[in-house]
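A.B. asks: Structure, please.
(one chain, ligands or ions: 1)
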Amino acid sequence: MTMTDRLGNITNNSSPGASSAVLDRPNRQTRRRSRGKVQRGLRAETTLDRVKGCGHYAIGNMVSVRVGEHGADYGRLMTCGSVWACPVCSARILYERTREVAQAIEAWEARQGSMGLVTLTVRHKRSDSLKEVWALVAKAWSRVTSGKRWATVKADLGLAGWLKTTEVTHGANGWHVHLHLLVFLDDSVSEDRFAAATGSLIQRWTDAVASLGGSALNGVQDAKLLVNPTLETAAYLTKNVYMPDDLALEVTRGDLKESAGRTPFGILQDAWESNERGQRNAADWALWREYEQASFRKRQQTWSQGFRASLGLDDARTDEEIAADEEGDPELGEEVTTVCWLPIETWRIIRASDHLYEGLLDAAAIGDAIPFLDAHGLEWLPPEEGYRFYAGRVA
Ligand SMILES: [Zn+2]
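C.D. replies: Numbering: from 1, shown residues only. Predicted coordinates:
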C-alpha cells in the first residue's frame, strides 16, 4: 500500500473531506448544522467580540445563500477565524491543517525519513488556572529548544523538523495542557537510537519545567516511532474540532486517560445543552470563558522554521484566511452555487429566527430556497442581479 492510499489520497484532492477515511463520514451536513446552532447559542455567552460576530454580521450589503453537494449555507458573512473557540471556523481550519500535515508526512516518507510522535505535559492541580498551566508549558518548550544542549538533542535524534500542536483538556485535576510533537528524522532511525534521544529530550523537558517552578514526571511523557503514519496520524494532530458525534469518543481516548476529561468543545457542548434545557450551567460556562480568554491569539500549530519550505510545500495559510475562504469550504463540497442573495434587511429577519434560519437552509438544500422566501414574504435577489448589486467590504 502506498502512502497516498493510506492517506486516503488526501493530498491530491482539493476537498480534503471528500475522500478521506477519517473526515468523510456521513452526516456532514448534520454536523455542520449542529456547529452552526452551537455557534449561534455561543453569541450570548462568549467573551470574544469576533466570535460573537462570526456567521452573524454581513461583510457587505447582502448575504448569499449557497448550495453544495452536502447541503446549504449562508455566505458573505463575517468569520472569526478562531481555531480554539469557534465551532464553525475551527472545523474549516482543521480540515486544511489535516491536509497540510498529511502532505508533510507524505513528502517525508518519499525521502525515506523516519517520524515520531512525542507528547509532553506538566503536572497540574485543580486550583491552577489555565493561563498558568499554559504559560508553564510554553515557557518550558522554549527552554527546551534553546541553547547548545538542544543542538545535541537534535543531532542525536537526527531531527530535521517538527510540528508542534498544543492541546487542552479539562478533568478532575483541572486544566491539562499538552504538546504533541510530530518529529521528522533525517534517516532511518532505529528504535534504540530513538528511545535514547527522546529520553534526553524528555529529561530536558522535565528539567525545564522544574527550573520554572513546575513539575513534570518522566513516566507520563511519551515518545514513539511511527511505523506507518496514516491519515489518523495527521488527524490526531488537528483534532480540536467541534464534532458532536465524536465528543464521546474523545473522552475515552487513551491519551486522555490521565485527565479523564473533556475537550473544550465538549465543555461548550454541555454548556450549550444546559442553556437549551433552560438550566444554564454557570460552572461550565465559566470554564469555557476561561478557556476562550486563555487561548485567545495563541497558535495551535507551529512548524519548525523553514521545514515546510524544505519539503517544497507552500506556506501554511493563516487561520483567518482559511475561515474566510468561501471557495474552499470542504463541508459544502466541490461545486458550490449561489442560489440567491438576501438584502441585509432580509438577513436581519432571518438570523433573528431559528425557524427561518434553519428552514431556509433545509429548503435550499432541496432546491426550494425561492419558494420558501416567497412563502415568508422575504425579499431576495437572483444570483446575477445580486452579484451586480453586491458591495462588500473588500472590493
Ligand atoms: Zn468563527
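A.B. asks: Number of residues surrounding residue 127?
C.D. replies: A count of nearby residues for residue 127, using other C-beta atoms under 10 Å, gives 8. No exception for glycine: its C-beta is placed from N, CA and C like everyone else's.
A.B. asks: Kindly report the same for the one 3 residues further on.
C.D. replies: Neighbour count for residue 130, taken as other C-beta under 10 Å: 22.
A.B. asks: which residues touch it?
C.D. replies: Residue 130 is in contact with 168, 175, 177, 290, 291, 294, counting by C-beta atoms under 8 Å, 6 or more residues apart in numbering.
A.B. asks: Not counting its neighbours along the chain, what's nearest the fourth one?
C.D. replies: Computed as C-beta to C-beta, 6 or more residues apart in numbering, the closest residue to residue 290 that is not its neighbour in sequence is residue 130, at 5.4 Å.
A.B. asks: Does the ion have contacts with the longest helix along the chain?
C.D. replies: Longest helix in the chain by number of residues, with DSSP state H as the criterion: helix 87-110. Yes. Helix 87-110 comes into contact with the ion (C-beta under 5 Å from the ion), by way of 88, 89.
A.B. asks: just the CA coordinates of that helix, formatted as CSV?
C.D. replies: This file holds the C-alpha atoms of helix 87-110, laid out as CSV (Å, rounded to 0.1, in the frame of the first residue of the first chain):
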residue,chain,number,x,y,z
PRO,A,87,-17.2,25.6,16.4
VAL,A,88,-17.6,26.6,12.8
CYS,A,89,-14.3,28.2,12.0
SER,A,90,-12.3,25.5,13.9
ALA,A,91,-13.8,22.8,11.7
ARG,A,92,-12.8,24.6,8.4
ILE,A,93,-9.3,25.4,9.7
LEU,A,94,-8.6,21.9,10.9
TYR,A,95,-9.7,20.3,7.6
GLU,A,96,-7.0,22.2,6.0
ARG,A,97,-4.4,21.6,8.7
THR,A,98,-5.1,17.9,8.5
ARG,A,99,-4.3,18.1,4.8
GLU,A,100,-1.1,20.0,5.4
VAL,A,101,0.1,17.5,7.9
ALA,A,102,-0.7,14.7,5.6
GLN,A,103,1.3,16.4,2.8
ALA,A,104,4.3,16.8,5.0
ILE,A,105,4.1,13.1,6.1
GLU,A,106,3.9,12.0,2.5
ALA,A,107,6.8,14.2,1.4
TRP,A,108,8.9,12.9,4.3
GLU,A,109,8.1,9.3,3.6
ALA,A,110,9.2,9.9,0.0
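A.B. asks: How far off centre is that helix?
C.D. replies: Using C-alpha atoms, centre = their mean, to the nearest Å, the mean C-alpha position of helix 87-110 is found 10 Å from that of the whole chain.
A.B. asks: do stretch 172-188 as well
C.D. replies: Using C-alpha atoms, centre = their mean, the offset of stretch 172-188 from its chain centre is 16 Å.
A.B. asks: what angle separates the helix or strand containing residue 39 from helix 87-110?
C.D. replies: Using DSSP states H and E, residue 39 maps to helix 28-42. Interaxial angle, helix 28-42 versus helix 87-110 (axes from the mean of the first three to the mean of the last three C-alpha atoms, to 10 degrees): 130 degrees.
A.B. asks: Enumerate the positions of helix 28-42 that are buried.
C.D. replies: 28-29, 31-42 (16 or more other C-beta atoms under 10 Å).
A.B. asks: cool, and stretch 319-326?
C.D. replies: 319, 320, 322, 323, 324, 326.
A.B. asks: And the contacts of stretch 56-66?
C.D. replies: 40, 43, 72-78, 326, 332, 336-344, 346-347, 351, 360, 364, 369, 380-381, 386, 389-394.
A.B. asks: which residues of the stretch 1-150 of the chain score low on pLDDT?
C.D. replies: Where the stretch 1-150 of the chain drops to pLDDT under 70, the residues are 1-28.
A.B. asks: For it, just list every one of the strands.
C.D. replies: 62-68, 71-75, 114-121 (DSSP state E, counting those that start in this stretch).
A.B. asks: Include distance to the ion when you put these into CSV, please.
C.D. replies: Shown next, in CSV, are the strands of the stretch 1-150 of the chain (distance: least, C-beta to the ion, whole Å):
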stretch, distance to the ion
strand 62-68, 16
strand 71-75, 13
strand 114-121, 28
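A.B. asks: Okay, the nearest residue to residue 43 once chain neighbours are set aside and the ion: tell me how far apart.
C.D. replies: Leaving aside its sequence neighbours, residue 43 sits nearest to residue 52 (C-beta to C-beta, 6+ apart; 5.3 Å). The gap separating residue 52 from the ion is 10 Å, by C-beta to the ion, to the nearest Å.
A.B. asks: about what we covered before: and the buried residues of stretch 319-326, which is closest to the ion?
C.D. replies: residue 323 (6.0 Å; C-beta to the ion).
A.B. asks: picking that back up, now the buried residues of stretch 319-326 in JSON lines, with distance to the ion?
C.D. replies: JSON lines is the format used below for these (distance: C-beta to the ion, whole Å):
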{"residue": "319", "distance to the ion": "10"}
{"residue": "320", "distance to the ion": "10"}
{"residue": "322", "distance to the ion": "11"}
{"residue": "323", "distance to the ion": "6"}
{"residue": "324", "distance to the ion": "10"}
{"residue": "326", "distance to the ion": "13"}
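A.B. asks: Keep only those of those residues that are in helices.
C.D. replies: 319, 320, 322, 323, 324.
A.B. asks: Pull the contacting residues for residue 163.
C.D. replies: 101, 104, 181, 182, 237, 301, 302, 303, 304, 307.
A.B. asks: Recalculate using a threshold of 6 Å.
C.D. replies: By C-beta atoms under 6 Å, 6 or more residues apart in numbering, the contact list for residue 163 reads 182, 303.
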